[in-house]
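K.L.:
sequence below, structure please.
(chains A and B)
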Amino acid sequence: MELLCIRQWISGLLPTVKKWLSAWCIKPVGGALVRQEPEYILLALMGSPLKKIMLCSSEKEIFSVEEQVMVQHSVIINNMIEDGSYNHEESKIPLDCVDSKTLKKVIDYCTHHTHHHNDNQEDLEAWDAQFLNVDSNGLYDLLMAANYLEIRNLLDLIYGTIKNMIKGKKIDEIRRIFNIKDHGFTPEEEEQNRKEYPHFY
Amino acid sequence: MGASLSNLGTNGSMIGPGLGDIPEGCVARVFLHLSPPEICNLARLNRAFRGAASADSVWQSKLPSNYHDLLDLVPPERYKNLSKKDIFALLSRPVPFDDGNKEVWLDRVTGRVCMAISAKAMAITGIDDRRYWNWIPTEESRFQIVAYLQQIWWFEVDGEVKFPFPPDIYTLSFRLHLGRFSKRLGRRVSNYEHTHGWDIKPVKFELSTSDGQHASGEFCLDETELDDGYGNHKRGYWVDYKVGEFIVSGSEPKTEVRFSMKQIDCTHSKGGLCVDSVFIIPSDLRERKRRGILK
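P.N.:
From the prediction side, this is the model:
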């Protein structure tokens, strides 16, 4: 009951709030203000979720993204914000091992999952499947980025995909799919493999 | 869903690092979702996969939480300094206990605990009287011996086991064979000269646990009607008679299971039956094996 009253009060304040926010150079993100959800306005007034942070790819391209989005998904970025090593006015977070193309995809993933976390499971899974419809190299780049940034749910998603790619397949086929030209074993090591796992030879 | 195979360079090969360059730590995370045989197969893929296939973190996740209880059945010098992978390999072969009359092992694919209990570990009414029962050495039993019933009126076999089973749902079954079998000129033949009485009344199978669970079933071990013309389906084969299921919620305290099969209607005699053992297998594992899904 109280929440309903607060929502109505905030909705009533909406035009004024919008003016204030644009005066403070806070731009609506992801259509939040356009959707006019009071929770977003309230949070905006408290200052945190519409704050942006800057991520810098290995190609020196800057990506601006909602702080809340990255903090929710990346343990590394969350730790940086929490321990104060990131200064909002001046800093950008350099991600030298993530290229622009991959960083953009990672940001897409985190943003979608933050804004759509209430969607039903099927829709989210369909989106994830489409998201991971990339080539083998792209999947590797995403894996490395997610690993570096410690984005747990993206990592689990990628591990699941890799598992499905290799489950039930013969070694030669997997080498073809992963483009492994040189397995890196010496002849002695191959012999060792044969002894250790004889039933597969 | 997932990755496609495009992104070829001009000469048709992939450019840049790819999935073959996944570090060992990441491979180990993928292995958490694969079965031991699959992991062993993938160890040959490349160095990172081979390294991950030996990682303790991977094999720790395949062992039951109370695997130390199984290791207690093995002489310490056999498992001292073993990696988790080798411990899994050790425990996936039958580990005998109780004077070799019981065996326990981990299923190779799922890592779940399975057990077999020999007829030698059971209390069989009249077992000492050679007019009724005889012990027959045979390779067809994992314990190398089965109890053969010639004839008796009071047929009763009881057994029990107390073991720290990991949490799971288990099925208990008796492995029985109508008729006596032997090898003649290299071929297996069954002899039914003593087989009688099993089609008159059913045998009652029961199990109970110390925490009050109970299951039972009644089966006629033989068939009188041969109406389909294909002969008796119950003779000449080892048959697993499912007694029922019991649930284990924790390995502490140890689960105590009592089981029995009885046909004590003394108005008719019965005979010509081999009793090999009792199996305690996780239920869905047993179901998958019966349907041929798991090897």
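K.L.:
ok, now which ones touch the closest residue to B:S210 other than its chain neighbours?
P.N.:
Spatial nearest neighbour of B:S210, chain neighbours left out: B:E256 (3.8 Å); criterion: CB to CB, 6 or more residues apart in numbering or on different chains. Where C-beta positions appear, they are placed from N, C-alpha and C, glycine not excepted. Residues in contact with B:E256 (CB atoms under 8 Å, 6 or more residues apart in numbering or on different chains) are B:E160, B:V161, B:K162, B:T209, B:S210.
K.L.:
drop anything exposed from those.
P.N.:
Among those, those that count as buried by neighbour count (16 or more other CB atoms under 10 Å in any protein chain shown) are B:E160, B:V161, B:T209.
K.L.:
which strand residues bridge the first one?
P.N.:
Meaning B:E160. B:R258 (DSSP bridges).
K.L.:
how close does it get to A:D96?
P.N.:
With distances taken as CB to CB, to the nearest Å, B:E160 is found 65 Å from A:D96.
K.L.:
what do you get for the last one?
P.N.:
Using CB to CB, B:T209 is found at 60 Å from A:D96.
K.L.:
so A:L142 touches A:K105, yeah?
P.N.:
Yes: using CB atoms under 8 Å, A:L142 is in contact with A:K105, at 6.3 Å.
K.L.:
for these two, work out which one has more neighbours and name it.
P.N.:
A:L142 (26 against 20; other CB atoms under 10 Å in any protein chain shown).
K.L.:
next one, pLDDT for that one please.
P.N.:
Note on A:L142: pLDDT of 94.
K.L.:
check contacts around it.
P.N.:
A:T102, A:K105, A:V106, A:L132, A:V134, A:L154, A:I158.
K.L.:
chain center to the strand or helix carrying it, what's the gap?
P.N.:
Assigned by DSSP states H and E, A:L142 belongs to helix A:136-149. Relative to its chain's centre, helix A:136-149 lies at 11 Å (CA atoms, centre = their mean, to the nearest Å).
K.L.:
with stretch A:127-138 instead?
P.N.:
The answer for stretch A:127-138 is 13 Å, by CA atoms, centre = their mean.
K.L.:
just the buried residues of it, please?
P.N.:
Those would be A:D128, A:F131, A:L132, A:V134, A:D135, A:S136, A:N137, A:G138, for stretch A:127-138 by 16+ other CB under 10 Å.
K.L.:
what's the neighbour count on the spatially closest residue to the first one that is not a sequence neighbour?
P.N.:
Of all residues not flanking A:D128 in the chain, A:L157 sits nearest, at 5.7 Å (CB to CB, 6+ apart). By other CB under 10 Å, the residues close to A:L157 number 21.
K.L.:
helices and strands around whichever strand or helix holds A:L157, which ones?
P.N.:
According to DSSP H and E, A:L157 maps onto helix A:152-166. Here helix A:152-166 touches helix A:67-73, helix A:100-115, helix A:136-149, helix A:171-177, helix B:24-31, going by 3 or more CB pairs under 8 Å, 6 or more residues apart in numbering or on different chains; DSSP states H and E.
K.L.:
what's in contact with it?
P.N.:
With CB under 8 Å, 6+ apart as the criterion, helix A:152-166 contacts A:73, A:75, A:106, A:109-110, A:113, A:128, A:132, A:139, A:142-143, A:146-147, A:174, A:177, B:1-3, B:19, B:22, B:26, B:29-30, B:32-34, B:42.
K.L.:
point out where the stretch 101-250 of chain B drops to low pLDDT.
P.N.:
B:225-233 (pLDDT under 70).
K.L.:
now the strands for it?
P.N.:
B:102-106, B:113-118, B:123-124, B:133-137, B:145-149, B:155-163, B:168-178, B:180-184, B:187-191, B:203-209, B:214-219, B:238-248 (DSSP state E, counting those that start in this stretch).
K.L.:
contacts only, for the residue in the stretch 51-200 of chain B that chain A sits nearest to.
P.N.:
Proximity of the stretch 51-200 of chain B to chain A (CB to the nearest CB) peaks at B:A53, 8.6 Å away. Taking CB under 8 Å, 6+ apart, we find B:A53 in contact with B:F31, B:I39, B:C40, B:L42, B:A43, B:K85.
K.L.:
would you mind listing what in the stretch 51-200 of chain B touches chain A?
P.N.:
By CB under 8 Å from any CB of the partner chain, no part of the stretch 51-200 of chain B sits against chain A.
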